[in-house]
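Visitor: Provided below are the primary sequence and the corresponding predicted coordinates.
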2 protein chains.
Amino acid sequence: MIARPFGGGKEFALPFQMRTVDLIRKKRNGEELTDKEIEFLVENYTRGAIPDYQMAAFLMAVYYSNLSENEVTALTLAMLNSGRRVDLSDLDGAKVDKHSTGGVGDKTSLIAAPIAAAAGVVVPMISGRGLGHTGGTVDKLESIPGFRTRLSVEEFRANLNAHRLCFMGQTDEIVPADQKLYALRDVTASVESLPLIAASIMSKKLAEGMDGLVLDVKVGSGAFLKRQLEARKLAQLMVTIGRRMNKRVHALLTDMDQPLGYAVGNALEIMEVSQTLQSQGPADLTQLSIELAARMINLANPGPGLEAAREQASALLASGAAFTKLQEVIAAQGGNPDVLNQFELLPNASGAREILSPRSGYVTRINAEDIGQAAVLLGAGRDTIDRPIDPAVGVILERKVGEKVAAGGRLCTLYHTDDARLEEAAQLVEDAFHISAAAPEQRQLVLEVIQ
Amino acid sequence: MIARPFGGGKEFALPFQMRTVDLIRKKRNGEELTDKEIEFLVENYTRGAIPDYQMAAFLMAVYYSNLSENEVTALTLAMLNSGRRVDLSDLDGAKVDKHSTGGVGDKTSLIAAPIAAAAGVVVPMISGRGLGHTGGTVDKLESIPGFRTRLSVEEFRANLNAHRLCFMGQTDEIVPADQKLYALRDVTASVESLPLIAASIMSKKLAEGMDGLVLDVKVGSGAFLKRQLEARKLAQLMVTIGRRMNKRVHALLTDMDQPLGYAVGNALEIMEVSQTLQSQGPADLTQLSIELAARMINLANPGPGLEAAREQASALLASGAAFTKLQEVIAAQGGNPDVLNQFELLPNASGAREILSPRSGYVTRINAEDIGQAAVLLGAGRDTIDRPIDPAVGVILERKVGEKVAAGGRLCTLYHTDDARLEEAAQLVEDAFHISAAAPEQRQLVLEVIQ
């Protein structure tokens, strides 16, 4: 033991320190914590009895030492128990949600959820806001004038009862431990830990009262996880947590090496959602949304099989039933459902800037992270959680990977209202497009399914 | 990027967070920080601009990712620059200190320093209090009635000028960064990091104004470092830091598999110091003290060589010059120098309890940590920095490793004033002694020298 400097001992008056330091040390040494020990940490941290500095050290130890399946399940449960759970047991039918780890142009929730709800599935969807280069479902919906996502748990339940689908923003009542832990991880560089990510996602989803969950784990340049190996590990962790909690979970690893669809930006994405629900959407977005909806339908009612669920999902899209369902939900949450037909009712940008191709050839790559960052520069996203966003602005791609473009042909258009960082955004987008003489190999959209 | 929960973002109003989190992430990813970056962290943490939770995460990242030689040197320098340095440049002669990483019964500082000072070396000794099972030099000296270790830097300089040796307790003025960092490491399980230990020790020693330093790195059951490999790494780190700061450093790895000498406990150790300075001390303590003193003399004046320094140190011990020097220093710092001849002037325990051998044989092992812990139970040490200690109590060994003992023969005596935990201490001490039929192999006291 090294002698501690006399007189320099900071006074730590809080209780639990002795026990907490032992648990940090245990994890640091790579040992497995018991369920009770993890519960102790989460419960006391949430109520302020364990200080931030001890939890920060613990989280960094987890980053390096990892968590076992037992530990990550115990962590999820402890986080879940930190707040209120939504009880949907008295609602008829299976409750199935869909969650994406976040991608650029990813608006599949707004298409797959109405399809599933139109098929009779109850979809309790509590979503986050975007941070960084990927947009959040709540931000997209709030570009619809009047749309309310700040609901009480009671309103959420009532809307689900009436319409089978409700979109709600996150609230302090549900999983407060996650909110506190996430904020701490964000400023202490322990966000990128797979078990911490898995426990964060699963605790929130379990708190919604769902029976099944379809996970869309994005992989590639536009995703949080750049490598398929890591995405697979995360998916496996979440499927395991689900199984241990007796919930059915399907996880799809999907390609995020280019943006999904053509639109990136909040109101622009609502327009693309509308087009897609009217069978006029981009092929990749349509295909993935139907696959996710089919998985939701299949989890709710496995009997007829996945192929039948796919056919049902396609039919509900083609018939306009899903479109009608989204209109119904928009109206129910205070929005004007006419925005889906009259885009001039949505916020519109005041300026447009075209980005042209410097040469002819094939688009071989579109760096999705750069496109997302350009949208953030235009005001579509935020770097810090309290910054307001501009719902009107964003990027519309004119070419996607594999398509031909002529020299001087349009690659994309930037929609802006404030040109302060327009040049910076334009440069980023120009660099994001890679043009070559040879056509690239075709990539699969769904890379892998883990269930 | 995973969406951050809305509304849950804790408000962090402090500046520097963005930059700090990038530096934590850089270290976490195993990259090397620049001198400027380390300076940024230490300076802003010391003045309170970087919060504890970020530093806790950084320290845990250092625990796992380690620090390069460049980084540990920059850290030492930044810590050194956090407070006041003692300027001894106008004092004649080389300034050489000696530091031990802490062992049970280790009172070599009180013997080697007077020898070196008697040889003309200036010995500026700022020491810590004990924490855990190893005693601190300041605690031992304070068992001498009237002895003052709470000195101002001015008093310290004046005493060094007059007597060439002064013992001072740690103060807030010197290396405040270390005090703050150590307190945080203590409650976040990042004490056991070799670069953090090295920077902590070296920053304090460099702040003393020393030109050279002899390090006694203890290895074994009674030491902080149980394995020679780790002790070697720590010694190499400290020698490297010294070289980069243009200071001469010799590091000795020495055996701490049994207590050093026979006495463990503050006043008991002062008595043993006195005996040793009068050539009546235990062989191991005498040998190591002379070796350390010789290294101090050699660092101050390398010309004549180490062997000559050893002869000089032995002669100054034998002549009583070192004994006289310690008496002089005790008087200068307010203590009664007669304690060294009249032990009844020192605090004396009221009770004694003999521990007898259950069988005859050779002592093959004495677990030093258990002996140290027993002394703590009797009141000789503290578990927390603010607990008072009892200077009178402790353990006197009657047998050391390699010696024979008869069945029922005395192994050691516990000196106590309060018998609340006496039985517990007695049990611990009994278990600490291993008695076997065969004599153990002889161990070397100095295992290795790194310079």
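Guide: Thanks, I have it. These figures come from a predicted structure and were not determined experimentally.

Visitor: only C-alpha atoms for contact and neighbour calcs from this point on.
Guide: Fine.

Visitor: Show me which residues of stretch A:44-63 are buried.
Guide: For stretch A:44-63, the buried set under the neighbour-count rule, 16 or more other Cα atoms under 10 Å in any protein chain shown, comprises A:44-46, A:50-63.

Visitor: For chain B, give me its nearest residue in the stretch 1-150 of chain A.
Guide: Residue of the stretch 1-150 of chain A nearest chain B, by Cα to the nearest Cα: A:Tyr53 (3.7 Å).

Visitor: right, and that residue touches B:Ala56 too?
Guide: Yes. Using Cα atoms under 8 Å, A:Tyr53 is in contact with B:Ala56, at 5.5 Å.

Visitor: Pull up the overlap in contacts between those two.
Guide: Overlap between the contact sets of A:Tyr53 and B:Ala56, as judged by Cα atoms under 8 Å, 6 or more residues apart in numbering or on different chains, is given by B:Thr188.

Visitor: The residue of the stretch 1-150 of chain A closest to chain B: which element?
Guide: helix A:52-65 (DSSP states H and E).

Visitor: ok, back up a step: kindly provide the distance from the residue of the stretch 1-150 of chain A closest to chain B to B:Leu80.
Guide: Applying Cα to Cα, to the nearest Å, the value for A:Tyr53 to B:Leu80 is 24 Å.

Visitor: now A:Gln278
Guide: A:Gln278 is 69 Å from B:Leu80, by Cα to Cα.

Visitor: which residues of the stretch 1-150 of chain A fall in helices?
Guide: Taking DSSP state H, counting those that start in this stretch as the test, the helices found in the stretch 1-150 of chain A are A:17-28, A:35-46, A:52-65, A:69-80, A:109-118, A:137-142.

Visitor: Put together a markdown table for these, with distance to B:Met271 and mean pLDDT on each row.
Guide: Shown next, in a markdown table, are these (distance: least, Cα to Cα, whole Å; pLDDT from 0 to 100):
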| stretch | distance to B:Met271 | mean pLDDT |
| --- | --- | --- |
| helix A:17-28 | 36 | 88 |
| helix A:35-46 | 47 | 96 |
| helix A:52-65 | 43 | 97 |
| helix A:69-80 | 53 | 97 |
| helix A:109-118 | 79 | 98 |
| helix A:137-142 | 75 | 93 |
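
Visitor: Any chance of TSV for these, columns distance to A:Ala183?
Guide: Converted to TSV, the helices of the stretch 1-150 of chain A look like this (distance: least, Cα to Cα, whole Å):
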stretch	distance to A:Ala183
helix A:17-28	19
helix A:35-46	12
helix A:52-65	10
helix A:69-80	14
helix A:109-118	25
helix A:137-142	19
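
Visitor: Please name whichever of these is nearest to B:Ile290.
Guide: helix A:17-28 (38.8 Å; Cα to Cα).

Visitor: A:Tyr415 in helix, strand or coil?
Guide: With DSSP: H, G, I helix; E, B strand; the rest coil as the basis, the three-state label of A:Tyr415 is strand.

Visitor: secondary structure element for the closest residue to it other than its chain neighbours?
Guide: Nearest non-adjacent residue to A:Tyr415, counting by Cα to Cα, 6 or more residues apart in numbering or on different chains: A:Ala352, 4.6 Å away. Using DSSP H and E, the secondary-structure element containing A:Ala352 is strand A:351-356.

Visitor: List the contacts of that strand.
Guide: A:407-417, A:426, A:429-430.

Visitor: Tell me which two of those residues sit farthest apart.
Guide: A:Ala407 and A:Thr417 (27.9 Å).

Visitor: Which one of the two is surrounded by more residues?
Guide: A:Thr417 (17 against 11; other Cα atoms under 10 Å in any protein chain shown).

Visitor: if I look at the more buried one, how far off is chain B?
Guide: Between A:Thr417 and chain B the computed distance is 25 Å (Cα to the nearest Cα, to the nearest Å).

Visitor: so what's the closest residue to A:Thr34 other than its chain neighbours up against?
Guide: Spatial nearest neighbour of A:Thr34, chain neighbours left out: A:Glu71 (7.1 Å); criterion: Cα to Cα, 6+ apart. Shown in contact with A:Glu71 (Cα under 8 Å, 6+ apart): A:32-35, A:38.

Visitor: On the pLDDT front, check A:Asp383 for me.
Guide: For A:Asp383, the model assigns a pLDDT of 66.

Visitor: Which secondary structure state does A:Gln287 sit in?
Guide: Once three-state DSSP is applied, A:Gln287 turns out helix.

Visitor: Tell me where chain A is predicted with low confidence.
Guide: Low-confidence segments of chain A (pLDDT under 70): A:1-18, A:130-133, A:383-386.

Visitor: Let's see that with 80 instead.
Guide: Low-confidence segments of chain A (pLDDT under 80): A:1-18, A:128-135, A:382-387.

Visitor: what does the domain assignment say about it?
Guide: A:96-173+A:181-186+A:193-343, A:347-436 (automatic domain parsing).

Visitor: nearest to B:Ala162, of those?
Guide: domain A:96-173+A:181-186+A:193-343 (53.7 Å).

Visitor: So what would you say the end-to-end distance of the closest one is?
Guide: 30 Å.

Visitor: so how far is that domain from its chain's centroid?
Guide: 8 Å (Cα atoms, centre = their mean, to the nearest Å).

Visitor: For burial, what's the neighbour tally of the residue nearest to A:Tyr415?
Guide: 14.

Visitor: Break down the stretch 301-450 of chain A into its strands, ranges please.
Guide: Applying DSSP state E, counting those that start in this stretch to the stretch 301-450 of chain A gives strands spanning A:351-356, A:361-366, A:394-397, A:404-405, A:410-416, A:433-436, A:446-450.

Visitor: What's the first helix or strand after the helix or strand containing A:Leu196?
Guide: A:Leu196 belongs to helix A:194-207 when elements are defined using DSSP H and E. Sequence order places strand A:212-219 as the next helix or strand after helix A:194-207, per DSSP H and E.

Visitor: Which strands or helices does that next one pack on?
Guide: Secondary-structure packing of strand A:212-219 (3 or more Cα pairs under 8 Å, 6 or more residues apart in numbering or on different chains; DSSP states H and E): strand A:96-100, helix A:228-244, strand A:248-255, helix A:283-300.

Visitor: Pick the most buried one from the ones you listed.
Guide: Of these, the one with the most neighbours on average (mean count of other Cα atoms under 10 Å in any protein chain shown) is strand A:96-100, at a mean of 26.

Visitor: Residues of the stretch 51-200 of chain A that sit close to chain B?
Guide: Within the stretch 51-200 of chain A, the positions near chain B by Cα under 8 Å from any Cα of the partner chain are A:52-61, A:64, A:101-102, A:128-134, A:136, A:169-172, A:176, A:178-180, A:182-183, A:187-189.
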